[in-house]
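*Asks:* Give me the fold of what follows.
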Amino acid sequence: VQLQASGGGLVQPGGSLRLSCAPSGRIFSINYMGWYRQAPGKQRELVAEIRSGGSTNYADSVKGRFTISRDNAKNTVYLQMSSLKPEDAAVYYCRMRKSDWSGVQDYWGQGTLVTVSS
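*Replies:* Next comes the predicted model:
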């Protein structure tokens with residue numbers, strides 16, 4: 001099973017994008033979904049995360065501008081990004097974590113590029 005991220009692209013400052021991430025097959029017992037990003041020359045960082053109970057957490061730099069949500073029936077996680085800034089430009093990766101009787105397993109998407117430029 002692989003995660004497939006989509007929705008990236010070129011957007012002007014102040015614009016919006018919606019990223020989506022879904023697995024290629026069914027994954028059961030997902031208790032964590034998150035979005036991370038990595039800009040050139042920088043380490044990968046957490047952008048937003050949502051847990052099975054619905055609690056969310058955001059990086060300070062995106063609070064009030066980004067919203068993470070999930071569709072449990074589709075095993076899909078979304079990232080609505082608004083008021084985009086040039087510093088938001090990066091490759092965005094989705095992550096899902098499965099936890100059940102067999103253990104814990106992490107899945108990562110291949111990344112989708114977000115470019116913010118006029």
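
*Asks:* Which residue lies nearest the spatial centre of the chain?
*Replies:* Central residue of the chain (Cα atoms, centre = their mean): Trp35, 2.5 Å from the mean position.

*Asks:* so that one touches Leu79, yeah?
*Replies:* Yes: the pair formed by Trp35 and Leu79 meets the contact definition of Cβ atoms under 8 Å, at 4.7 Å. C-betas here are computed from N, CA, C, even on glycine.

*Asks:* residues shared between the contacts of the two?
*Replies:* Taking Cβ atoms under 8 Å, 6 or more residues apart in numbering as the criterion, Trp35 and Leu79 both touch 19, 47-48, 68, 92.

*Asks:* Kindly state the beta-bridge partners for Gly109.
*Replies:* In this structure, Gly109 bridges to Leu3 when assessed by DSSP bridges.

*Asks:* any idea how far it lies from Ala22?
*Replies:* For Gly109, the distance to Ala22 (Cβ to Cβ, to the nearest Å) stands at 9 Å.
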